[in-house]
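Q: sequence first, predicted coordinates after that:
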Amino acid sequence: MNTIADRAARSRAVSAEAPDPYSIPLAEIDVSKAEYYGTDTALPLFARLRREDPVHYCPASANGPYWSVTRFHDVKFVDGHHEIYSSEIGGITIADRDVEPEVQLDNFIAMDPPRHDEQRKTVAPSVAPTNLALFEPLIRERAADILDNLPVGETFNWVDLVSVELTARMLATLFDFPYADRRKLTHWSDITTSSPQIMGEAGLPVEVRAREFAECANTFAALWHERANRPPGNDLISMLAHGPSTRDMLSRPTEFLGNIMLLIVGGNDTTRNSISGGLLALNQFPDEYRKLEEQPGLIPNMVSEMIRWQTPVIHMRRTAFHDTELGGKAIRKGDKVIMWYLSANRDEEIFPAADRLIIDRPNARSHVSFGFGIHRCMGNRLAELQLRVLWEEIQKRFRRVEVVGEVVRVPNNFIRGIADLPVRVHPR
């Protein structure tokens, strides 16, 4: 089943008309609706919440009652205080964990210390600076190969031929996964993010997801046994199979598969959707594209700005350990608290003209797209490296990559995904 195509079809079926943010009573605003992200119409609602009710209670939604945290500093506070706001009690997505008990997964991003710290440090060396230095020539070689084989003079889907392909190749490297089967990793990532837990809609039938997860688990279990019987290697599976706190993870199936899927999604969605969203932004703001042409040395800063502007992970959820207060509001023990990274990254008190891509924005690196605190994405430097190298190689070959058709977004309240970005390349 081609889940990207399925979600794209659903996206096209949803009205593209943006809701008037002031036509909805403040108490009834529900920014968890997946259709807002399929049509990219949530931003005006977030702008209103930041102005009028930055810690906003939604009493009823498809995801149950929840608090929306929409301003930059409040989001950082929640993310930085794991002793007040738990990842483990209710998980990291807006829907409750019991939505699909048949395919329940567990992973270290949905753990609190000390379990989180023990498991994270096992795989963190895979993206340490020394390893990143080794990755750069490989990323450059693969980016060059992808770009050199694009169909010049034809319209094609940038998401499929560039964004997905580059990230699939890198995931295969990180896992030492069979290279010819690399698109399976992308497919399993799409299966994971098609969950109603993170889409706010029906998603895939639970039996389909269960079947796909079983195939993924069996595939990685075989790789695990193979790596466990070898000396330790530098790939993620070997690190987990030999790590003191993770070597017995295979005996805990939901935790095993949950961590595998976390690493797949983490290595796929942020980079892939920032590649697509960044190109879209340059086309929406042609003055910035001209600035890039005149000042290619801006690429590293531009990468941070693209990640801010796109914000590939829309939200993360926490659950209050105990009664507390945030922004003058009383948060009760057990309340669901949603950090809307997309809103925080458009907070104009921090990022003036926040809806614009500004490739030389002085504080672009201050974004919260990778989170903040102990759960900050450990692969952030690898994502930035892939984007930087890709844009360096694009600029060598093409004077412009032009968006020439309808952009199809994914109706998902967790991953800000783009399914179809029709483009033409104009060689130098």
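A: It's in.
Q: CA only for contacts and neighbour counts going forward, please
A: OK.
Q: what is the burial count for residue 406?
A: 11 (other Cα atoms under 10 Å).
Q: where does the stretch 151-300 of the chain have low pLDDT?
A: Along the stretch 151-300 of the chain, the parts satisfying pLDDT under 70 run over 194-204.
Q: can you show me the strands along the stretch 301-428 of the chain?
A: Ranges of strands in the stretch 301-428 of the chain, per DSSP state E, counting those that start in this stretch, are 315-320, 324-326, 329-331, 336-340, 398-403, 408-409, 418-420, 422-427.
Q: tabulate those in a markdown table, adding columns for distance to residue 302 and mean pLDDT.
A: Shown next, in a markdown table, are these (distance: least, Cα to Cα, whole Å; pLDDT from 0 to 100):
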| stretch | distance to residue 302 | mean pLDDT |
| --- | --- | --- |
| strand 315-320 | 23 | 94 |
| strand 324-326 | 33 | 97 |
| strand 329-331 | 37 | 98 |
| strand 336-340 | 22 | 97 |
| strand 398-403 | 16 | 97 |
| strand 408-409 | 22 | 93 |
| strand 418-420 | 19 | 94 |
| strand 422-427 | 20 | 98 |
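Q: deepest-packed of those strands, please.
A: strand 336-340 (a mean of 27; mean count of other Cα atoms under 10 Å).
Q: packing partners for that strand?
A: strand 66-69, helix 72-80, strand 315-320 (3 or more Cα pairs under 8 Å, 6 or more residues apart in numbering; DSSP states H and E).
Q: right, and the ones you listed - which one's nearest residue 37?
A: Across these, residue 37 has its closest neighbour in strand 315-320 (11.9 Å, Cα to Cα).
Q: helix 72-80 and the closest one, what's the angle between them?
A: Calculated by axes from the mean of the first three to the mean of the last three Cα atoms, to 10 degrees, strand 315-320 forms an angle of 60 degrees with helix 72-80.
Q: pull the residues that contact strand 315-320.
A: 78, 84-87, 89-94, 331-342, 413-414 (Cα atoms under 8 Å, 6 or more residues apart in numbering).
Q: how distant is stretch 64-73 from the center of its chain?
A: 18 Å (Cα atoms, centre = their mean, to the nearest Å).
Q: in the stretch 251-400 of the chain, which spans are helices?
A: Ranges of helices within the stretch 251-400 of the chain are 253-284, 286-294, 299-310, 341-344, 380-397, based on DSSP state H, counting those that start in this stretch.
Q: hang on, the earlier thing: make JSON lines out of the helices and strands packed on strand 336-340 and add distance to residue 55.
A: As requested, the helices and strands packed on strand 336-340 are arranged in JSON lines below (distance: least, Cα to Cα, whole Å):
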{"stretch": "strand 66-69", "distance to residue 55": "5"}
{"stretch": "helix 72-80", "distance to residue 55": "8"}
{"stretch": "strand 315-320", "distance to residue 55": "14"}
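Q: for the ones you listed, which one sits closest to residue 147?
A: strand 315-320 (32.0 Å).
Q: the closest one: partners in the sheet, and parallel or antiparallel?
A: strand 85-86 (antiparallel), strand 336-340 (antiparallel) (DSSP bridges).
Q: hmm, back to that, which one of the helices of the stretch 251-400 of the chain is the most hemmed in?
A: It is helix 341-344: most buried of these by mean count of other Cα under 10 Å, with a mean of 29.
Q: same for that helix, what does it pack against?
A: helix 43-52, helix 72-80, strand 315-320.
Q: just say which of the ones you listed is most tucked in.
A: Buried most deeply of these, by mean count of other Cα under 10 Å, is strand 315-320, with a mean of 25.
Q: could I get the CA-only coordinates of that strand as PDB?
A: Output of strand 315-320 as PDB, limited to C-alpha atoms (Å, rounded to 0.1, in the frame of the first residue of the first chain):
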ATOM      1  CA  HIS A 315       4.000  19.000  18.100                       C
ATOM      2  CA  MET A 316       5.100  16.900  21.100                       C
ATOM      3  CA  ARG A 317       3.000  16.000  24.100                       C
ATOM      4  CA  ARG A 318       3.800  15.900  27.800                       C
ATOM      5  CA  THR A 319       1.600  15.000  30.700                       C
ATOM      6  CA  ALA A 320       1.700  16.900  34.000                       C
END
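Q: and it, how far from the chain's centre?
A: Chain-centre distance of strand 315-320: 16 Å, with Cα atoms, centre = their mean.
Q: one more: stretch 58-65?
A: For stretch 58-65, the distance to the chain centre is 23 Å (Cα atoms, centre = their mean).
Q: how about residue 241, what does it touch?
A: Contacts of residue 241 by Cα under 8 Å, 6+ apart are 224-225, 227-228, 247-249.
Q: are any of those buried, and if so which?
A: By neighbour count, with 16 or more other Cα atoms under 10 Å, those hold 224, 227-228, 247, 249 as buried.
Q: what sits up against stretch 136-155?
A: Contacts of stretch 136-155 (Cα under 8 Å, 6+ apart): 161-162, 165-166, 169-170, 385-386, 389-390, 393-394, 404, 422-427.
Q: make it 6 Å
A: By Cα atoms under 6 Å, 6 or more residues apart in numbering, the residues outside stretch 136-155 that reach it are 389-390, 423-424.
Q: so which of the residues you listed is the closest to residue 47?
A: residue 423 (30.5 Å).
Q: which residue packs closest to the closest one, ignoring adjacent ones?
A: In space, and not counting its chain neighbours, residue 423 is closest to residue 403: 4.3 Å by Cα to Cα, 6 or more residues apart in numbering.
Q: ok so, going back, compare the strands paired with strand 315-320 and give me the one nearest residue 347.
A: strand 336-340 (11.0 Å).
Q: CA atoms of that closest one as PDB?
A: C-alpha atoms of strand 336-340 as PDB (Å, rounded to 0.1, in the frame of the first residue of the first chain):
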ATOM      1  CA  LYS A 336      -2.300  16.600  28.500                       C
ATOM      2  CA  VAL A 337       0.100  19.500  27.500                       C
ATOM      3  CA  ILE A 338       0.900  20.000  23.800                       C
ATOM      4  CA  MET A 339       4.000  21.900  22.800                       C
ATOM      5  CA  TRP A 340       3.200  23.200  19.300                       C
END
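Q: next one: it to chain centre, how far?
A: Distance, centroid of strand 336-340 to centroid of chain: 16 Å (Cα atoms, centre = their mean).
Q: picking up where we left off before, in a markdown table: the helices and strands packed on helix 341-344, plus distance to residue 153.
A: Formatted as a markdown table, the entries for those read as follows, by distance: least, Cα to Cα, whole Å:
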| stretch | distance to residue 153 |
| --- | --- |
| helix 43-52 | 35 |
| helix 72-80 | 43 |
| strand 315-320 | 38 |
